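Chemist: After the sequence you'll find the predicted model.
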Amino acid sequence: MTLHHPALEAGRKASRIPNVWDAAAFGLLFATFVLFIRGGHETLAPIEALSSAPISLDPANLPEYALRTVLRMLAAIVASLVFTFAYGTLAAKSRRAGLVLIPVLDILQSVPVLGFLSFTVTGFMALFPGKVIGVELASIFAIFTSQAWNMTFSFYQSLKTVPADLEEASRSFRLTGWQRFWRLEVPFSMPGLVWNTMMSMSGGWFFVVASEAISVGNTTITLPGIGSYTALAIQDKNFAAIGWAVGVMLAIILIYDQLLFRPLVAWSDKFRVELSAGGEAPRSWLLDMVRRARMFGRIFLPLTRFVSALPRQRMALPVAAPRAALTVWRSVWVDRLWVVAVAAAAVYALWLIWSFVATELTGPEILNVVWLGFLTMLRVVVLMAIATVIWVPIGVWIGLRPKVAERVQPLAQFLAAFPANIIFPFAVVLIVHFKADPNIWLSPLMVFGTQWYILFNVIAGASAFPNDMREASSIFHIRGWSWWKKVILPGIFPYYVTGSITASGGSWNASIVAEVANWGDTKLTAVGLGSYIANATTAADYPRIVLGIAVMSAYVILFNRLLWRPLYAFAGSRLRMN
């Protein structure tokens with residue numbers, strides 16, 4: 001029954017009249033479409049167009065370069081999200097798949113980005129011969145490899161630490177796997193995944209410099225973008241151009257913080273697991289604008305309803321196999337056969353590596369490379385310990401204060417996005433001036449760009465910490481070290497482990513550029529596995545490149561298996577919120 005009253009009728013008519021918020025929302029939407037179309041149109045041009053318009057250090061070109069770089073990073077982040085949901089879910093849900101996928105993920109995050117680029121660029125260019133889009137896809141893939149692993153580890157950690165009472169509730173409501181995934185597991189993972197997506201977006205800036213200069217044989221193809229602009233500025237020792245690039249980078253980070261990540265942080269706050277009302281929730285002017293717009297919501301209402309209805313569908317995979325076959329498939333003997341098959345595949349891979357490396361390298365050199373890996377591992381361990389002591393307290397303090405987190409968020413993104421290779425020249429000058437030991441003072445460059453993984457994950461963990469737990473600790477007067485030991489550290493521990501795994505893997509990767517620093521004719525080298533791989537790459541010595549990457553991957557896997565995986569298991573079994 002519809003009530004007819006003059007005041008109600010006036011309210012209904014007013015709700016159908018567009019307001020100023022509609023104009024702002026539609027204007028922003030159309031501007032975004034125009035920018036996407038303009039940037040996408042350039043990718044369809046012939047590849048000869050790149051050589052006819054070389055990179056220029058004129059600051060007037062920076063807006064166009066910035067648009068191209070941002071579109072690549074957004075495409076890479078979308079691909080990373082798809083990969084995260086598929087790979088992380090399979091690794092967390094299937095014990096046998098996880099036995100393979102998690103070590104593979106350890107290896108992938110330790111392989112240098114340029115290693116992926118050198119093997120994939122030819123394939124992408126073959127898909128679109130003579131077109132810029134082939135090189136663009138190769139660049140996007142390189143940025144993807146700097147973003148996806150961190151997000152996948154975060155999502156995997158969330159799936160392994162879903163509170164037991166929520167899982168029991170999902171079983172009580174007879175949710176299918178599809179419903180449980182979208183209505184329980186994905187919402188539970190949102191706070192951590194959003195912050196790790198921010199970190200991945202920012203961390204991708206470091207590799208933009210490498211991904212926008214594509215080498216094919218003796219030919220180098222440079223894509224227009226902030227990364228190629230920065231690389232040219234460093235090559236020409238043009239400090240003014242470097243300053244312009246950093247300024248534009250800061251402006252871009254502020255823009256996508258306001259238009260993308262701040263709305264996501266405000267939206268994901270509703271997925272916090274708590275029983276009592278929380279403190280002041282994070283706000284976003286963009287979300288407020290969309291909610292106040294009258295026609296904007298009405299026009300997109302069918303799409304909103306369709307997207308909202310998808311997670312409620314009772315989709316389930318049909319089980320056609322008989323019960324006896326399922327019992328055999330789940331038996332311990334099949335598990336053992338799977339382990340044997342995985343071990344055989346690993347042994348075969350090691351034999352292929354050995355047969356390739358042993359043709360030119362001797363036993364003493366191989367042992368020396370193992371020793372170099374140990375030296376780099378010591379640097380990683382010390383740097384991770386220092387970063388933990390510094391950033392865990394700061395991250396907790398920020399994460400427990402939404403207003404502070406809102407103000408610090410763009411600054412943290414800028415620090416995480418700041419390309420570490422820009423400070424390399426300053427490090428070289430200072431080390432030479434003070435006659436310092438490169439083996440010690442080049443080491444901090446390894447963690448400069450990766451320490452933020454710890455900070456962002458700790459902020460995410462503290463932001464998602466249930467308010468009722470904080471209230472309970474206050475009621476029982478738990479303060480000081482007891483509060484850290486019994487309340488907050490167990491609460492953020494799964495997030496810290498995720499950040500530390502990614503930070504340590506990223507530090508191993510960064511050692512390749514951090515243990516060898518150049519500025520002009522001055523070159524400083526620290527003894528370690530990173531400098532070994534860098535020198536072998538410069539000399540195009542493929543057996544030594546393969547040996548160095550294989551040893552690095554072995555160290556990363558052993559380090560993760562002996563330290564981080566037990567901590568993951570401990571977080572999943574002892575520190576889950578029940």
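Modeler: Here it is on my side, so go on.
Chemist: Could you say which helix or strand holds Asp165?
Modeler: Assigned by DSSP states H and E, Asp165 belongs to helix 164-172.
Chemist: That helix: what's the following helix or strand?
Modeler: Trace forward from helix 164-172 with DSSP H and E and the next one is helix 177-180.
Chemist: Could you give me the buried positions within that next one?
Modeler: In terms of neighbour count (16 or more other Cβ atoms under 10 Å), helix 177-180 has its buried residues at Trp178, Gln179, Arg180. Heads up, the C-betas are built off the backbone N, CA and C, glycines and all.
Chemist: Stretch 129-147 now?
Modeler: 131-147.
Chemist: Now do the contacts for Thr388.
Modeler: Residues near Thr388 by Cβ atoms under 8 Å, 6 or more residues apart in numbering: Ile454, Tyr496, Ser500.
Chemist: Mind checking which of those are in helices?
Modeler: Within the contacts of Thr388, residues falling in helices by DSSP state H are Ile454, Tyr496, Ser500.
Chemist: Give me the phi and psi for Phe476.
Modeler: phi -90, psi 10 (degrees, to the nearest 10).
Chemist: What count of nearby residues applies to it?
Modeler: Using other Cβ atoms under 10 Å, the number of residues around Phe476 comes to 11.
Chemist: where does it sit relative to Lys486, distance-wise?
Modeler: 10 Å (Cβ to Cβ, to the nearest Å).
Chemist: Between the two, which contacts overlap?
Modeler: By Cβ under 8 Å, 6+ apart, Phe476 and Lys486 have no common neighbours.
Chemist: Please, which helix or strand holds Arg283?
Modeler: Using DSSP H and E, Arg283 falls outside every helix and strand.
Chemist: quick one: contacts for the nearest residue to it once chain neighbours are set aside?
Modeler: Closest residue in space to Arg283, ignoring its immediate chain neighbours: Ala266 at 5.8 Å, by Cβ to Cβ, 6 or more residues apart in numbering. Shown in contact with Ala266 (Cβ under 8 Å, 6+ apart): Ala281, Pro282, Arg283, Ser284, Leu287.
Chemist: any idea which of those is the one closest to Asn439?
Modeler: Distance to Asn439 across the contacts of Ala266 (Cβ to Cβ) is lowest for Pro282, with 43.8 Å.
Chemist: Pretty sure the closest one sits against Val265.
Modeler: Yes - using Cβ atoms under 8 Å, Pro282 is in contact with Val265, at 5.3 Å.
Chemist: Overlap in contacts, these two.
Modeler: Common contacts of Pro282 and Val265, defined by Cβ under 8 Å, 6+ apart, comprise Ala405, Glu406.
Chemist: Looking at those two, which one has more neighbours?
Modeler: More crowded of Pro282 and Val265, by other Cβ under 10 Å: Val265, with 25 against 19.
Chemist: per-residue confidence at Thr376?
Modeler: At Thr376, the model reports a pLDDT of 91.
Chemist: Now do the contacts for it.
Modeler: If a contact means Cβ under 8 Å, 6+ apart, then Thr376 has Trp508, Ser511, Glu515, Gly528, Leu529, Gly530, Met552, Tyr555 as its contacts.
Chemist: That one: which element?
Modeler: Element membership for Thr376 (DSSP H and E) is helix 363-399.
Chemist: Just give me how far that helix sits from the chain centre.
Modeler: Relative to the mean C-alpha coordinate of its chain, helix 363-399 is positioned 19 Å out (Cα atoms, centre = their mean, to the nearest Å).
Chemist: mind listing what's buried in that helix?
Modeler: Residues 366, 369, 372-373, 375-377, 379-380, 383-384, 387-388, 391-392, 395-396, 398-399 are the ones in helix 363-399 that count as buried (16+ other Cβ under 10 Å).
Chemist: try stretch 65-83
Modeler: 65-77, 79-81, 83.
Chemist: Among the residues you listed, which are located in strands?
Modeler: Among the buried residues of stretch 65-83, no member is found in strands (DSSP state E).
Chemist: For my notes, confirm Lys523 occurs in a strand.
Modeler: Yes - with DSSP: H, G, I helix; E, B strand; the rest coil as the criterion, Lys523 is part of a strand.
Chemist: okay, now it: neighbour count?
Modeler: 11.
Chemist: which residue ranges form the strands in the protein?
Modeler: 213-216, 219-222, 516-519, 522-525.
Chemist: Go ahead and produce PDB holding the CA coordinates of the helix holding Asp165.
Modeler: Coordinates of each C-alpha in helix 164-172 appear next as PDB, following Å, rounded to 0.1, in the frame of the first residue of the first chain:
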ATOM      1  CA  ALA A 164      36.300 -20.900  13.700                       C
ATOM      2  CA  ASP A 165      32.900 -19.600  15.000                       C
ATOM      3  CA  LEU A 166      32.300 -17.900  11.600                       C
ATOM      4  CA  GLU A 167      33.100 -21.100   9.800                       C
ATOM      5  CA  GLU A 168      30.700 -23.000  12.000                       C
ATOM      6  CA  ALA A 169      28.000 -20.400  11.400                       C
ATOM      7  CA  SER A 170      28.500 -20.900   7.600                       C
ATOM      8  CA  ARG A 171      28.000 -24.600   8.000                       C
ATOM      9  CA  SER A 172      24.900 -24.100  10.100                       C
END
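Chemist: Show me the buried residues of stretch 129-147 that map onto helices.
Modeler: Filtering those for helices - DSSP H - leaves 132-145.
Chemist: Select only the buried ones of the contacts of Ala266 in ChimeraX?
Modeler: The ChimeraX command for the buried members of the contacts of Ala266 (criterion: 16+ other Cβ under 10 Å) is given here:
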select :282,283,284
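Chemist: Can I get the contacts of Ala266 in a markdown table including distance to Ile459?
Modeler: Shown next, in a markdown table, are the contacts of Ala266 (distance: Cβ to Cβ, whole Å):
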| residue | distance to Ile459 |
| --- | --- |
| Ala281 | 16 |
| Pro282 | 12 |
| Arg283 | 17 |
| Ser284 | 17 |
| Leu287 | 20 |
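Chemist: which one of the contacts of Ala266 is nearest Thr120?
Modeler: Taking Cβ to Cβ as the measure, Thr120 lies nearest Ser284 of the contacts of Ala266, at 36.7 Å.
Chemist: Show the contacting residues for that closest one.
Modeler: Here Ser284 is in contact with Arg262, Pro263, Val265, Ala266, Trp267 (Cβ under 8 Å, 6+ apart).
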